[in-house]
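Novice: my questions concern the predicted model and sequence given below.
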Number of protein chains: 2
Amino acid sequence: MRRIAILAEGSLEWHYGKTAVGVIRYAPDTTVAVIDSTRAGQDVAHALGAPVGEGIPVVRDIHEALHYEPDTLLIGIAPRGGALPDSWRWQLLAAIEQKLTIISGLHMFLSEDPELSAAAAQHGVTIWDVRRPPDKKRVAEFRPHREGSHTILFVGSDCGAGKMTAALELDRLAQSRGLSSSFVATGQTGIMISGQGLPVDRIIVDFVAGLVEEMVLDVSDRHDWVFVEGQGALNHPGYSPVTLGLIHGSAPDAMIFCHKAGAMTIEGYPHCPLPMLNRLIAINEEAISWIRPERSCKVVGITLMTSHLTEEEAYEAIRQVQNETGLPTTDVIRFGAAPLMDALNQHFS
Amino acid sequence: MRRIAILAEGSLEWHYGKTAVGVIRYAPDTTVAVIDSTRAGQDVAHALGAPVGEGIPVVRDIHEALHYEPDTLLIGIAPRGGALPDSWRWQLLAAIEQKLTIISGLHMFLSEDPELSAAAAQHGVTIWDVRRPPDKKRVAEFRPHREGSHTILFVGSDCGAGKMTAALELDRLAQSRGLSSSFVATGQTGIMISGQGLPVDRIIVDFVAGLVEEMVLDVSDRHDWVFVEGQGALNHPGYSPVTLGLIHGSAPDAMIFCHKAGAMTIEGYPHCPLPMLNRLIAINEEAISWIRPERSCKVVGITLMTSHLTEEEAYEAIRQVQNETGLPTTDVIRFGAAPLMDALNQHFS
């Protein structure tokens, strides 16, 4: 297990800090400190205003973080503008000098930065760019999964609708029930948490379905329950090809639908309204039928993100969605994933 | 205008020679010779068994081709196995020594081959790898096209269903009718023909829709009729994400559907049957409605590939499809594109 310091300068809050939240909540590693000079002196839970990371100190910089003896520095936020800020560079160099492993989810690859890679070589340090795609070409072969395995894909109405969280919660619950289960990561935070996976959004479009298929075939050979993190949405103007590649490549046996309660448009696209939930569910079910008409794949349950609502409002939102869709609905964080696991069990029995 | 020699060693026949056929038929350049030692001594039309390239000599190698004074060597076929065969390498080097421009549609980039790039530098020769994607990140912005422009996307039941040919024929016909029209290339052969375009299948999946959108916005600013070459098919197990990126990125006002008469399964996927034509048409129309529910986009006509049929069989196939779908149907090569252009005119009037 690693001892991680997370660099989240200026970003340790609920929306932009989701990598930090995910790693703290789900990684097997211990987060010993979070670097955010704008919130230094608090603990993580206080900075987030949420019950995550109680007692984990928020510190000013890498020097302060080193007091907590991390062996890894994890960068979980994207700098504005894309270039590496100077205030990050010296901290990365300081971490490398102290032989910390560097884990980065940035679009730019730190292992290709001349100064950082030279320092890493000098100190025998590994830089892991989790967004680096495999250097491999594979077109989907349309091969069936192992008989008896169940592949569950998490789809949704938009990015940031809780697909990774739902997949992780279902995997945890399945394991706690003694089932052979695995989480399959497809984005940088999921990969940081599970230590492996495919950065799907960085793959050449011809090979998205093929590389996803290869990964899921491998995991479904070894596990009975395969919970595949979804990405984007079929109704997203920019990222829909990522989602379709995941749907056709992972060839799911069932899906869980993820939605932020009350969302009306695609985030960042105010002129792109979300279709009704039943329509969104039908869209995802249909997309599988295009290549596999003989075996239907259903959405069997829904999870809502309700952290912006009171508990009473959350109950009401869940009740409404349940009435609207006729499907078991929960907020996996607030009310647990059991209704979804039960629905899946019933679906496959 | 270029004087082109085409390297099509072992491949100058109808199915695998489609780049050679496309360039001969549609490029503004003159093809002076085709290199295929297995068919040397014939002319192209005889080698193909089709009325394309009458009088263009098929020659043994680059030395023989040089007698016809080409200024460009174009590689239009993929070698088996992926590596550059030795029998091609010496011919490329000989062409470079004679200062021929090299145009390549290979997956591997010839401009990155040390020996070839050194020779090109020495002789001041350009190597154009048409499959090289732009080094640019752009997520789709969901912006409308210029009012009054018509963007037509060519979709179909599979790869190799005649989408590029149909787009080129419609563009030619529109121009011959005095319309402001442009062909938008999205694959290597189309790019070779038109001298520009986007190798869509080589783009990182996050940016497919965005880069297609940017290109189509630019062309629709300058032309009234924009004929966008399609790729793959929504019902293709491997390439569906390419197709969805083109559909959402190009934001078409209408579509033409392309199909090989009699095809029953996806080529290379015998266990992946094609849905019925009306279902395939509905699938493509629906995919647009996911992000643009308020403005429908229809398939307004169909072109069939019938070159494997007799003329009588072709008529019968077209009649059947017309009855089945209720849409104007033709084979743009055999019977011309006028029924489709007329249908488009009527659709927008």
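Specialist: Nice, I can see it.

Novice: what's around A:I102, how many residues?
Specialist: 22 (other CB atoms under 10 Å in any protein chain shown). Every C-beta, even on glycine, is put in place using the N, C-alpha and C of the backbone.

Novice: same question, A:P85
Specialist: There are 13 residues near A:P85, going by other CB under 10 Å.

Novice: same question, A:R143
Specialist: Quick note: A:R143 (other CB under 10 Å) scores 12 neighbours.

Novice: same question, A:F335
Specialist: Neighbours around A:F335, by other CB under 10 Å: 17.

Novice: with A:A343 instead?
Specialist: 20.

Novice: pretty sure it contacts A:V300?
Specialist: Yes - at 4.8 Å, A:A343 and A:V300 qualify as touching, with contact defined as CB atoms under 8 Å.

Novice: now do the shared contacts for the two.
Specialist: Common contact partners of A:A343 and A:V300 (CB atoms under 8 Å, 6 or more residues apart in numbering or on different chains): A:327-328.

Novice: and the spatially closest residue to A:W225 that is not a sequence neighbour, what is it in contact with?
Specialist: Counting by CB to CB, 6 or more residues apart in numbering or on different chains, A:W225 lies nearest to A:S181, which is 4.0 Å off, once chain neighbours are set aside. By CB under 8 Å, 6+ apart, the contact set of A:S181 is A:170-171, A:174-175, A:223-227.

Novice: same check, this time on A:S296
Specialist: A:S296 neighbours (CB under 8 Å, 6+ apart): A:285, A:288-289.

Novice: please redo it, this time with the cut-off set to 10 Å
Specialist: A:254, A:285-286, A:288-289 (CB atoms under 10 Å, 6 or more residues apart in numbering or on different chains).

Novice: residue most distant from the centroid, chain A?
Specialist: A:Q122 (33.0 Å; CA atoms, centre = their mean).

Novice: any idea how far that residue is from chain B?
Specialist: 29 Å (CB to the nearest CB, to the nearest Å).

Novice: follow-up on the earlier one: of the contacts of A:S181, buried ones?
Specialist: A:170-171, A:174, A:223, A:225-227 (16 or more other CB atoms under 10 Å in any protein chain shown).

Novice: can I assume A:Y239 is in contact with B:A140?
Specialist: Yes - counting by CB atoms under 10 Å, A:Y239 touches B:A140, with 8.4 Å between them.

Novice: mutual contacts of the two, please.
Specialist: B:206-210, B:245, B:248.

Novice: among those, which are within reach of chain A?
Specialist: B:206-210, B:245, B:248 (CB under 10 Å from any CB of the partner chain).

Novice: now do A:K298: how many residues are near it, please.
Specialist: Close neighbours of A:K298, defined as other CB under 10 Å, add up to 15.

Novice: wait, isn't it in contact with A:T325?
Specialist: No - if you go by CB under 10 Å, A:K298 and A:T325 don't touch, sitting 11.5 Å apart.

Novice: quickly list what's touching both of these two.
Specialist: Common neighbours of A:K298 and A:T325 (CB under 10 Å, 6+ apart) are A:I281.

Novice: residue ranges for the strands of chain A, please.
Specialist: A:3-7, A:30-35, A:58-59, A:72-75, A:101-104, A:127-129, A:150-156, A:181-184, A:225-228, A:254-260, A:265-266, A:269-273, A:298-305, A:329-330 (DSSP state E).

Novice: would you mind giving the ones you listed as a markdown table with distance to B:V21 added?
Specialist: A markdown table is the format used below for these (distance: least, CB to CB, whole Å):
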| stretch | distance to B:V21 |
| --- | --- |
| strand A:3-7 | 56 |
| strand A:30-35 | 60 |
| strand A:58-59 | 65 |
| strand A:72-75 | 51 |
| strand A:101-104 | 47 |
| strand A:127-129 | 43 |
| strand A:150-156 | 41 |
| strand A:181-184 | 43 |
| strand A:225-228 | 41 |
| strand A:254-260 | 43 |
| strand A:265-266 | 42 |
| strand A:269-273 | 41 |
| strand A:298-305 | 45 |
| strand A:329-330 | 55 |
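
Novice: now render those as TSV, adding mean pLDDT.
Specialist: Converted to TSV, these look like this (pLDDT from 0 to 100):
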stretch	mean pLDDT
strand A:3-7	96
strand A:30-35	97
strand A:58-59	97
strand A:72-75	96
strand A:101-104	96
strand A:127-129	96
strand A:150-156	98
strand A:181-184	98
strand A:225-228	98
strand A:254-260	98
strand A:265-266	97
strand A:269-273	95
strand A:298-305	98
strand A:329-330	98
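
Novice: and of those, who's closest to A:A50?
Specialist: strand A:298-305 (12.5 Å; CB to CB).

Novice: how is chain A divided into domains?
Specialist: A:3-129, A:150-348 (automatic domain parsing).

Novice: so what's the closest residue to A:N235 other than its chain neighbours up against?
Specialist: Once flanking residues are discounted, A:N235 sits nearest to B:W290: 4.4 Å by CB to CB, 6+ apart. B:W290 is in contact with A:233-237, A:240, A:272, A:275, A:279-280, A:283, A:287, B:244, B:247-248, counting by CB under 10 Å, 6+ apart.

Novice: give me that answer again for 8 Å
Specialist: So, once contact is read as CB under 8 Å, 6+ apart, B:W290 ends up touching A:234-235, A:240, A:275, A:283, B:248.

Novice: identify the residue nearest A:Q98 in space, chain neighbours excluded?
Specialist: Looking at A:Q98 with CB to CB, 6+ apart, the closest residue is A:L66, at 6.0 Å.

Novice: wait, that neighbour touches A:Q91, no?
Specialist: No - taking CB under 8 Å as the definition, A:L66 is not a contact partner of A:Q91, at 10.3 Å.

Novice: mind checking which of the two has more residues around it?
Specialist: Per other CB under 10 Å, whichever of A:L66 and A:Q91 has more neighbours is A:Q91, with 21 against 18.

Novice: my guess is the more buried one contacts A:D61. True?
Specialist: Yes - counting by CB under 8 Å, A:Q91 touches A:D61, with 6.0 Å between them.

Novice: and for those two, which residues touch both?
Specialist: With CB under 8 Å, 6+ apart, A:Q91 and A:D61 have common neighbours A:I35.

Novice: contact residues of the stretch 201-349 of chain A facing chain B?
Specialist: A:201-206, A:208-210, A:234-242, A:244-245, A:248, A:269, A:271-273, A:275, A:283, A:286, A:290-291, A:293 (CB under 8 Å from any CB of the partner chain).

Novice: for PyMOL, what selects the buried ones among these?
Specialist: In PyMOL, this line selects whichever of those come out buried by 16+ other CB under 10 Å:
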select buried, chain A and resi 201+202+203+204+205+206+208+209+210+234+235+236+237+238+239+240+241+242+244+245+248+269+272+275+283+286+290+291
